[in-house]
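A.B. asks: give the three-dimensional model of this entry:
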Amino acid sequence: MNPPDDSIGSEAFYRTLVENASEGMLTIDTDSRIVYVNPAIERILGYTPEELVGSSKMQLIPERLRPVHAAALQSYIESGEENIDWNGIELPALHKDGHEVPTLISLHEHEHDGERYFTGIVRDISERRSREESLREQNERLDEFADVLSHDIRSPLSVARGYTELAHEESDAPELEQALEALDRIDALIDDILEYSREGGFVDEAEPFRLDDAVRAEWSLTAAEDADLRVEDIGRIEANESRVRELLDNLFRNAVTHGGPGVTVRVGPLPDGFYVEDDGPGIPAADRETVFEYGYTTRDGGSGYGLSIVKQIANEHGWNVRVVEGSDGGARFEFTGVDSLARADG
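C.D. replies: Okay, the predicted model is just below:
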């Protein structure tokens, strides 16, 4: 933006900008005396500019920190060495009513009529701190969940595996082989969920694999007996195969749940990704924006977590996902941004 011409009055123009800024601005001299305050400070700290100008900045600083602030300013004036991060430092400020406000302050030094001044741009970060605290509490709950998952689920899983292996030694029934594969899959899912809960849900173990092979393998474990899978040659992608199979598991179960045991599911490539669609009743257009939210379900007894997990896994990989109407009227989930997707032989 170009400065205004002299006829407008540049000083008045810039003063208007400062006084209408959403961030607080406060200027002090070398004695910590406040010489300017913009109106936004009142929203952050409760004081009007008139109440602060001419007073010491120390009234805005919690008592326990006043010696530190005074020493830091004096040290800088004498040495010229910045002993804090002037580009943004988190400091508590004292509100007029006595409570502390977490703030982020950026500092700038300037001269006027031969005098040195220091201006702080003050941002209230209370909401950010609140979000951080909520995240901390959420992580604590995830840690508790991980402990329960690791012990209370793995113990009966080990018992089930032991009995299934004993039965398999006595019989070659293919159902027992499938049961062991399903138990392996559950064990892998527990590992993934534990890693997600403890490390924040970012994919850090990606490797190339054939997506169509993963589709067929997951379908054999999750599909209804009369359901039909039609999968095209999608080729290799680079991703976390276990997490992608979990994504497919949720989509297949969703298709069977809503489309019935005779549903047909198609999986195929897109120019920069892949799709999974079924010929079930589909998802109403009005619900396509909310279908990925936690708790969304149209079925009695449904958890409402399946499609939110799909969205979460896509996000972990940096993919985009959307739901549209399928070619046969059902639900079609399109995943794009799969940069390494390439059809290949091997």
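A.B. asks: show me where this protein has its strands.
C.D. replies: Along the chain, counting by DSSP state E, strands occupy 24-29, 34-37, 89-94, 100-112, 115-124, 207-210, 228-231, 236-239, 264-270, 273-278, 320-325, 331-336.
A.B. asks: list the helices and strands the fifth one packs on?
C.D. replies: Judged by 3 or more C-beta pairs under 8 Å, 6 or more residues apart in numbering; DSSP states H and E, strand 115-124 is in contact with strand 24-29, helix 40-45, strand 100-112. In short, each C-beta sits where N, CA and C put it, glycine included.
A.B. asks: hey, which of the strands of the chain is tucked in deepest?
C.D. replies: Most buried of the strands of the chain by mean neighbour count (mean count of other C-beta atoms under 10 Å) is strand 273-278; its value is a mean of 24.
A.B. asks: in its sheet, what does it sit against?
C.D. replies: strand 264-270 (antiparallel), strand 331-336 (antiparallel) (DSSP bridges).
A.B. asks: just to revisit the earlier point, of all the strands of the chain, which one is nearest Gln138?
C.D. replies: Among the strands of the chain, strand 100-112 comes nearest to Gln138, with 19.6 Å by C-beta to C-beta.
A.B. asks: just the C-alphas of that closest one, formatted as PDB.
C.D. replies: C-alpha atoms of strand 100-112 as PDB (Å, rounded to 0.1, in the frame of the first residue of the first chain):
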ATOM      1  CA  GLU A 100      -3.200 -12.500  34.500                       C
ATOM      2  CA  VAL A 101      -3.700 -12.600  30.700                       C
ATOM      3  CA  PRO A 102      -1.300 -14.700  28.600                       C
ATOM      4  CA  THR A 103       0.000 -12.500  25.900                       C
ATOM      5  CA  LEU A 104       2.400 -12.700  22.900                       C
ATOM      6  CA  ILE A 105       4.500  -9.500  22.700                       C
ATOM      7  CA  SER A 106       6.700  -8.300  19.800                       C
ATOM      8  CA  LEU A 107       9.100  -5.500  20.500                       C
ATOM      9  CA  HIS A 108      10.500  -2.700  18.400                       C
ATOM     10  CA  GLU A 109      12.900   0.200  19.200                       C
ATOM     11  CA  HIS A 110      12.700   3.600  17.600                       C
ATOM     12  CA  GLU A 111      13.900   7.200  18.200                       C
ATOM     13  CA  HIS A 112      12.000  10.400  18.200                       C
END
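A.B. asks: please name the residues that touch Phe292.
C.D. replies: Leu307, Ser308, Val310, Lys311, Val321, Val323 (C-beta atoms under 8 Å, 6 or more residues apart in numbering).
A.B. asks: touching, the last one and Ala285? I think so.
C.D. replies: No: with contact taken as C-beta atoms under 8 Å, Val323 and Ala285 are classed as non-touching, separated by 9.7 Å.
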